[in-house]
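Asker: What would the 3D arrangement of this be:
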Amino acid sequence: MKISVASGKGGTGKTTVSVNLARIFGGEVVLADCDVEEPNAHLFLKTSRPVEKTVGIPVPVVDETLCDGCGLCAKICQFSAIVTFGTAPLVFPEMCHGCGGCTLVCPPKAITEQPRRIGVVETSRADQITLVTGRLDVGVALAPPLIRAVRNALPENQAVILDAPPGTSCPVMAAVRDTDMVLLVTEPTPFGLNDLSLAVDMAREQDLPFGVIVNRMGSGDNRIQEFCGKEDIPILLEIPDDRRIAEYYSRGVLMVDALPEYRKLFESLLQKIRGQIGKGERKHAYL
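Answerer: Prediction:
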């Protein structure tokens with residue numbers, strides 16, 4: 001079972017849902033922090049010392065003694081990471097996506113590749129939770145390759161909860177791709193509804209089963225419920241706007257550990273998720 005937790009905007013409580021759900025899972029579970037630009041799941045878990053693995057992508061290196069300046073490498077590059085003006089090409093490693101196209105089209109085989117570090121994947125343990133965290137290096141703009149590395153590092157044959165980055169762009173799609181269900185976390189505000197509608201479009205575009213979790217319920221109005229009713233979207237959980245949750249959160253304490261009534265809510269959420277996944281017949285080819 002692979003569950004992804006996403007949101008159309010930041011600050012809705014996506015990581016809160018992910019970590020609390022992992023805590024009450026009731027068995028071995030993998031929590032993958034795919035918000036590689038600002039991972040924070042570790043702040044709420046007393047983990048063991050992480051094992052770190054460096055992640056890189058291949059970038060081109062040009063042998064000027066072999067290059068004939070044909071320019072085919074520049075023509076195939078969709079990201080302007082390699083350009084030429086009839087001479088040996090210039091390479092901009094920070095713009096390279098590591099596709100390898102330039103090496104394939106170079107007639108004199110003047111282009112080879114060398115790895116360029118983009119970040120690390122850290123693996124640690126906290127009780128029955130295996131935490132796999134992606135951490136993008138400062139100044140690196142390529143989150144999807146590191147997210148794919150996080151997914152490739154996940155143990156096989158275990159339940160997985162993926163905490164996706166906020167938004168609906170490429171990093172999010174790399175995180176939620178081919179999961180059994182997407183939990184879309186939102187809040188009852190105009191911004192929450194606007195970004196929820198974008199996240200719903202994203203999930204439907206990828207043909208992913210999904211449901212909605214409304215956080216800070218009571219701080220706004222019923223616009224989320226009205227939207228979900230109109231679109232026939234299940235609301236799986238409503239988390240009240242409870243000051244105690246925020247107080248414990250600020251101390252790095254999970255609500256299911258500090259407030260027993262919320263443990264029951266998340267146990268009910270897990271039952272609903274398992275029920276929804278049990279109804280599906282789709283097969284996934286996981287990364």
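Asker: contacts, neighbours, all on C-alpha from now
Answerer: OK.
Asker: can you list the weak-confidence ranges in the chain?
Answerer: Within the chain, the ranges that satisfy pLDDT under 70 run 279-287.
Asker: Map the structural domains onto the sequence of it.
Answerer: In the domain annotation for the chain, the residue ranges read 2-54+119-279, 64-109 (automatic domain parsing).
Asker: Tell me which of the ones you listed is the most buried.
Answerer: Mean neighbour count, computed with mean count of other CA atoms under 10 Å, is highest for domain 2-54+119-279 among the domains of the chain, reaching a mean of 19.
Asker: how close does the nearest residue to residue 252 once chain neighbours are set aside get to residue 249?
Answerer: Nearest residue to residue 252, sequence neighbours excluded (CA to CA, 6 or more residues apart in numbering): residue 44, at 4.8 Å. Using CA to CA, to the nearest Å, residue 44 is found at 8 Å from residue 249.
Asker: And for residue 103?
Answerer: For residue 103, the distance to residue 249 - CA to CA - is 49 Å.
Asker: The strand ranked longest in the chain pairs with which strands?
Answerer: Across the chain, the longest stretch assigned as strand under DSSP state E is strand 111-126. Strand pairing for strand 111-126, using DSSP bridges, gives strand 51-62 (antiparallel), strand 129-136 (antiparallel).
Asker: Nearest to residue 7, out of the ones you listed?
Answerer: Of all these, strand 129-136 sits nearest to residue 7, with 18.3 Å by CA to CA.
Asker: hang on, residue 70 packs against residue 86?
Answerer: Yes: assessed by CA atoms under 8 Å, residue 70 is found in contact with residue 86 at 6.6 Å.
Asker: rewinding a little: which one, of the strands paired with strand 111-126, ends up nearest to residue 1?
Answerer: With CA to CA as the criterion, residue 1 lies closest to strand 129-136 of the strands paired with strand 111-126, at 14.8 Å.
Asker: who's in contact with the helix or strand just after the closest one?
Answerer: Per DSSP states H and E, the first helix or strand lying C-terminal to strand 129-136 is helix 143-152. The contact list for helix 143-152 (CA atoms under 8 Å, 6 or more residues apart in numbering) reads 32, 34, 36-37, 55, 57, 118-121, 132-136, 170-171, 174-175, 287.
Asker: run the last query once more with 7 Å
Answerer: Contact partners of helix 143-152, identified using CA atoms under 7 Å, 6 or more residues apart in numbering, comprise 34, 36, 55, 119, 121, 132-134, 136, 170-171, 174-175, 287.
Asker: Summarise which helices and strands the helix or strand just after it is packed against.
Answerer: Sequence order places strand 159-166 as the next helix or strand after helix 143-152, per DSSP H and E. Secondary-structure packing of strand 159-166 (3 or more CA pairs under 7 Å, 6 or more residues apart in numbering; DSSP states H and E): strand 2-7, helix 14-23, strand 29-33, helix 170-176.
Asker: Switch those over to TSV; also include distance to residue 236.
Answerer: As requested, those are exported to TSV (distance: least, CA to CA, whole Å):
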stretch	distance to residue 236
strand 2-7	13
helix 14-23	12
strand 29-33	20
helix 170-176	18
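Asker: which stretch among those comes nearest residue 211?
Answerer: Here strand 2-7 is closest among the helices and strands packed on strand 159-166 (CA to CA), at 9.9 Å.
Asker: Show me what that closest one packs onto, helices and strands only.
Answerer: helix 14-23, strand 159-166, strand 181-186.
Asker: Can I get the second one in PDB, CA atoms only?
Answerer: Only the C-alpha atoms of strand 159-166 are listed here, as PDB (Å, rounded to 0.1, in the frame of the first residue of the first chain):
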ATOM      1  CA  ALA A 159       3.400   0.100   3.500                       C
ATOM      2  CA  VAL A 160       4.600   3.600   2.400                       C
ATOM      3  CA  ILE A 161       3.300   7.100   3.200                       C
ATOM      4  CA  LEU A 162       4.800   9.700   0.900                       C
ATOM      5  CA  ASP A 163       4.800  13.300   2.200                       C
ATOM      6  CA  ALA A 164       4.800  15.300  -1.100                       C
ATOM      7  CA  PRO A 165       6.000  18.800  -1.700                       C
ATOM      8  CA  PRO A 166       3.300  21.600  -1.700                       C
END
